[in-house]
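# I'd like to go over a predicted model; first the sequence, then the structure.
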Amino acid sequence: MIENKIYFKFDGKTFEGNEGDTIAAALLRNNVKLVGRSFKYHRPRGIYTCGIEEPNALVQIINEHNEPNVRATVKKIYEGMVVKSQNRWPSLKRDLGSINNLLSPIFSAGFYYKTFMGPKSFWKNVYEPLIRRTAGLGKPPKEFKSKSIHLQHNVDIVIVGGGLTGLLAAKKLAGTKYDVLLIERENSFGGILKSSKKIKLINDQDPNDWIEKTERLIHNSSNIKVLRNTLVNTYNFKDHLIALEDKSVGKPQDNKKPELVLHKIRTKQTILANGHIERFISFRNNDLPGVMLAASFEKYIYRYGVVPDESPVIFTNNSSTFSLIKSLIDLGHKPKAYVDIRDPKKIEKEVVELLAKNNIPFYAKSEIEGCDGKNEIKSVTIRFKKNETAKIKTSMLCVSGGFNPDIHLFTQSKGLLKWDENLITFKPDKIFQNTITLGSVSGNFSYQNIMKEINEKLSFLEGINDLDIKLDIEGPVNFHIKELWETKNAKKSLWSKSFIDLQNDVTTKDLKQAVTEGFNRIEHLKRFTTNSMGTDQGKISSINALGIVSKILKKNISDVGTTTYRPPYAPLNFSAIAGRSTYEFYDPVRKTPIHPWHIKHNAVFEDVGQWKRPWYYKKYTNETMHEAVQRESKQVREAAGILDGSTLGKIEIKGKDALAFINLIYTNSFTKMKPMTARYALMLGEDGMVKDDGIVCKINDQHFITTTTTGGAANVLAHMEEYAQTEWPDMNVYVNSITEQFATFNISGPKAKTIMERVFSNIDFNNKKFPFMTFNNFDYLNSKVRILRASFTGEQGYEIYISPKNALTLWERIFYYSRGINLVPYGTETMHLLRAEKGYIIVGQETDGTVTPIDLNLDWMIGKNKKDFIGKRSLIRSDIISSERKQLVGLIPLDKSYGIEEGQHIIEEKNLDTPIKKPIKMLGHVTSSYFSPTLNHCVAMALIKGGNRKIGSQLYVSTSDLNVIPVEVVKPNFIDPKNERLVS
Amino acid sequence: MLLINCPYCGERDQSEFTNGGEAHVARPKDPSQVSDREWSEYVFIRANPKGIYYERWVHTHGCRKWFNAVRNTSTDEILKVYKIGDPPPPIKEFKNTLKSPSGEPDVGSGNFTVKKI
């Protein structure tokens, strides 16, 4: 096989790798062992594993927007890739941060909690910047680019894992009626078959041939869909899996195509065949580059054709390393020594014979005390039966501390675990969802039983047959292990540490200290020591930590319990979660039919809900917002103005019981209202608080059209639907949103009527014939318009409702017919100013969910004779009728040159101490404040305790520079209090 | 993410629905006749049990219909859905439904991944 060569950069130096290599494989191929520095102590770290469980070899991919914390054992190289090591300065070999290692006595468990206590002034200026600079692994990415899409699946069966077990399960399901999704996290199937020589032959074939045949069978069956390079990250209720597919494996980024696909999968049955993870053993300096898990070492040989070391020392407590020894011997290499903690009688005869035949030094009932070296391992110390020790030179140490079923997903599904005394690990016990565990994840570590297990556990499915398989296994058939979590540390020095969590630099000593300090519950201990809280979630070490803690506490491990496994299984990009919901796709943008005109006339837009509304229009380039708003407001009061009100919510209510329904929804009484008239109406919640307001137009007793606030439209519709369906289901009433069916313009000002007469020359706008709060439908532009005489400015005004397709034409015609009248387009800010001058409220500005109509002095809007409406009963609760509640008043500064700030407090104190020493009584706050160009001073509204009684008195408003402004409390109606302009 | 069986549309993803709180809290027929206490209990007070809960859902991004559901709050299992106006199923119907994952107590919270016996 000719491999394609690939060149990539690691820390500035160019390396050669083979196509298909991970960064780790390629570095090992080049004999690079030191690849990073650790998180806390900045100790040299190397490649510990060969997969997703990697705690150490985290790197930063510079040419992928600086993507940090990429596992070198997972990420595949491609031509031109630029990789950098993390947590080191100035270079990997000479790292100044490693001073932390010598300072380590002060960096013990709970260091941050204990150290950064005081003095108080240090919190902001010293500790926080310091912690922020040193926190985290790697550096954050430079820019964010979403490159992911989301896909949904609905299937009958999901098989997680395409190893031997997953393939066998898929084979059984091929050609059946079930819709199956087979998910494999690597780009090739086979799992253990491809990463070891444990199984020599399957049905007398080479395993690779068998995989190929099975793959073809799966490919040809129409009912199985396959996802490769896809990692199942989350197992939610109810049988809902989230899996991330990486489409860019081994390829440079392509910004034109989505590279990540987040699959959201709903299934009826979940088959977990996601295997197991090897765990390590803690001993002195077990973090040195050159220490590697044994199965990972073997995986590098078979997956990548890389032999990380030709003569490693092997250290184990179980029977699994036979195939590693055999593989090295077959390749013409030889382990330097074999160290096994188990009793010689318990060690399998296959292992003993193999070692003896090849003259490999063999130490039974012995252990590794520790290892030494500066930037990588140079020697190991072996402790024999009688506590004697001997030092052996070596450049690699392979460790196998046993295997854990990969129970992460199983426990995410809320399945229960139980402790297995023979396997010395937790394995799945009780399922909580429709979960089936097969193979090593279920605790079945015997290949010979695999087919039997699959046949039995899947026998409930319909139309599938039992399969038979013949496996030729080399080495010990049954798995055997002796409990060992940690070996005794004989050497005391600052450099000597026995790690339990490599990524977070947690030592076994930290665990002991935490227990001593009282953190004897595993969840507390985890958080205090940060054990297994890194990005690897302690995949190779968390069960070891339980083992060590159980020994300290003298409890069974099953009584210590595990910490909670939470999604995701492995880190995933935020961009994968974001999917297409970024930038312009983050939230839909709603535009009115007049939007292009607004842009042409230099509107500055404001976001109101999802709507883009003109905030104000810039008449000339340098015009400020204040200048524009003053100009627009003045012009409306002097001539006329037009506002695009198309965003207002509009709801149509029809049905035999429409009148009764609307009487219950709004506070006002609509019974005596004449057809074709309108009314300003308030909507309350059952708690009596103002929820929304709008205008109700009565066409007849069976047909109403109401408007809502722009932001409240969806909620008001939902509110109406809820009551119609749940409280009064017998009412004959239909509600429907017609917000987007009509564009709405508000024209108001002293010249509004003239403009209307010019535009709609066939309509009589005589004030007697077309009085305030009436409406009618007319033909116009081959469609209908509805014109309502109403106003939110206090000037005579008209609202025009027209089909959106004719709206822009009408809008432009209005301007055409307004020649010589000085009609001004105005935005929401001017609208707010004009209504504030009139004392009109805005729901959400004058109200905040704690304000009743009585507080707003809007009692006149309450239908007193109505027996019931939503919120009525709440208006007579004792607190609501209290005169001491906050009430809406107007404020005018005594010195007319002062401006009042919105949100400021209303107080009685004339002077404020600086700094403020005693509590100050707050009477209320300013809800709205504007500079009125018509009155030439500031007008404000405020909610003040007992405000109605305080009309005419003098109070003070605080300012942001700790001053106070004396103000007069007035009725909140600053212009035309008799409504002569409005109603005439 | 729950799978909810809308009585009008069938099984749909939870993201299409909005929860509406406790079910069968009837609005007093004549609010003017109830005491402040009774009224405030209607407006503000809702049950929050661990276990069987009768609650309302609305298929917001679907048929927009309201309906009732019986859910076990400690397992999130939806045991029954029924239309507005249908009588609530008696609680004894759900006596033998799936217990919480680790057989944790009926009251209080717990998060055990290893079964306590």
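Noted; the coordinates are in hand.
# okay, CA-based contacts and neighbour counts for the rest of this
OK.
# show me where the stretch 701-850 of chain A has its strands.
A:703-708, A:734-737, A:743-748, A:775-780, A:783-788, A:797-802, A:823-825 (DSSP state E, counting those that start in this stretch).
# mind putting these into CSV with mean neighbour count, mean pLDDT and distance to A:P933?
What follows is those, written out as CSV (neighbours: other CA atoms under 10 Å in any protein chain shown; pLDDT from 0 to 100; distance: least, CA to CA, whole Å):
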stretch, mean neighbour count, mean pLDDT, distance to A:P933
strand A:703-708, 22, 97, 29
strand A:734-737, 17, 96, 38
strand A:743-748, 26, 97, 17
strand A:775-780, 15, 94, 31
strand A:783-788, 18, 94, 28
strand A:797-802, 24, 97, 20
strand A:823-825, 23, 97, 15
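# adding distance to chain B, write these out as a markdown table.
A markdown table is the format used below for those (distance: least, CA to the nearest CA, whole Å):
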| stretch | distance to chain B |
| --- | --- |
| strand A:703-708 | 19 |
| strand A:734-737 | 11 |
| strand A:743-748 | 25 |
| strand A:775-780 | 31 |
| strand A:783-788 | 29 |
| strand A:797-802 | 27 |
| strand A:823-825 | 37 |
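# low-confidence ranges in chain A?
Applying pLDDT under 70 to chain A flags residues A:1-3, A:89-90, A:96-97, A:99, A:102-118, A:123, A:129-137, A:143-146.
# residues in it within reach of chain B, list them.
Proximity of chain A to chain B, by CA under 8 Å from any CA of the partner chain, involves residues A:236-238, A:240, A:411, A:414-418, A:432, A:558, A:561-564, A:686-687, A:722, A:725-727, A:867-868, A:873-874, A:877.
# the nearest residue to A:K393 once chain neighbours are set aside and chain B: what is the separation?
Nearest residue to A:K393, sequence neighbours excluded (CA to CA, 6 or more residues apart in numbering or on different chains): A:S379, at 4.1 Å. As for A:S379, its distance to chain B is 40 Å (criterion: CA to the nearest CA, to the nearest Å).
# what sits against A:S379?
A:371-373, A:391-395 (CA atoms under 8 Å, 6 or more residues apart in numbering or on different chains).
# repeat that with 10 Å
Neighbouring residues of A:S379 by CA atoms under 10 Å, 6 or more residues apart in numbering or on different chains: A:313, A:370-373, A:391-397.
# which of those fall in strands?
Of these, the ones assigned to strands by DSSP state E are A:313, A:370-372, A:391-393, A:397.
# which of these are buried?
Neighbour counting by 16 or more other CA atoms under 10 Å in any protein chain shown classes A:313, A:370-372, A:397 among the ones in strands among the contacts of A:S379 as buried.
# nearest to A:R679, of these?
Nearest to A:R679, judged by CA to CA, of these is A:L397 at 85.0 Å.
# ok, that closest one - contacts?
Neighbour list for A:L397: A:286, A:288-294, A:297, A:309, A:311-315, A:335-337, A:368, A:371, A:377-380 [criterion: CA under 10 Å, 6+ apart].
# for A:Y447, same thing?
A:Y447 makes contacts with A:164-165, A:198-199, A:439-440, A:471-473, A:477-479, as judged by CA under 10 Å, 6+ apart.
# with A:K177 instead?
Applying CA under 10 Å, 6+ apart, we find A:K177 in contact with A:156, A:222-223, A:461-464.
# wait, A:A807 touches A:G645, no?
No: assessed by CA atoms under 10 Å, A:A807 is found out of contact with A:G645, at 11.6 Å.
# hey, what's in contact with both of the two?
Contacts common to A:A807 and A:G645, judged by CA under 10 Å, 6+ apart, are A:592, A:742-745, A:800-801.
# so A:I594 sits against A:A807, correct?
Yes: using CA under 10 Å, A:I594 makes contact with A:A807 at a distance of 7.1 Å.
# that older thread, dump the strands of the stretch 701-850 of chain A to a markdown table, plus distance to A:P977.
Shown next, in a markdown table, are the strands of the stretch 701-850 of chain A (distance: least, CA to CA, whole Å):
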| stretch | distance to A:P977 |
| --- | --- |
| strand A:703-708 | 25 |
| strand A:734-737 | 35 |
| strand A:743-748 | 17 |
| strand A:775-780 | 24 |
| strand A:783-788 | 22 |
| strand A:797-802 | 17 |
| strand A:823-825 | 24 |
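# dihedrals phi and psi, the residue nearest to A:K393?
phi -150, psi 160 (degrees, to the nearest 10).
# okay, and the beta partners of it?
A:D372, A:K393 (DSSP bridges).
# show me what secondary structure element comes after the strand or helix carrying A:I157.
Element membership for A:I157, per DSSP states H and E: strand A:148-160. Remark: after strand A:148-160, the chain's next helix or strand is helix A:164-173, criterion DSSP H and E.
# shouldn't A:R637 be within a strand?
No: A:R637 is assigned helix when assessed by DSSP: H, G, I helix; E, B strand; the rest coil, not a strand.
# quick check: closest non-adjacent residue to it.
Here the nearest residue to A:R637 in space, its sequence neighbours aside, is A:G749; by CA to CA, 6+ apart that works out to 5.5 Å.
# many thanks, have a good one.
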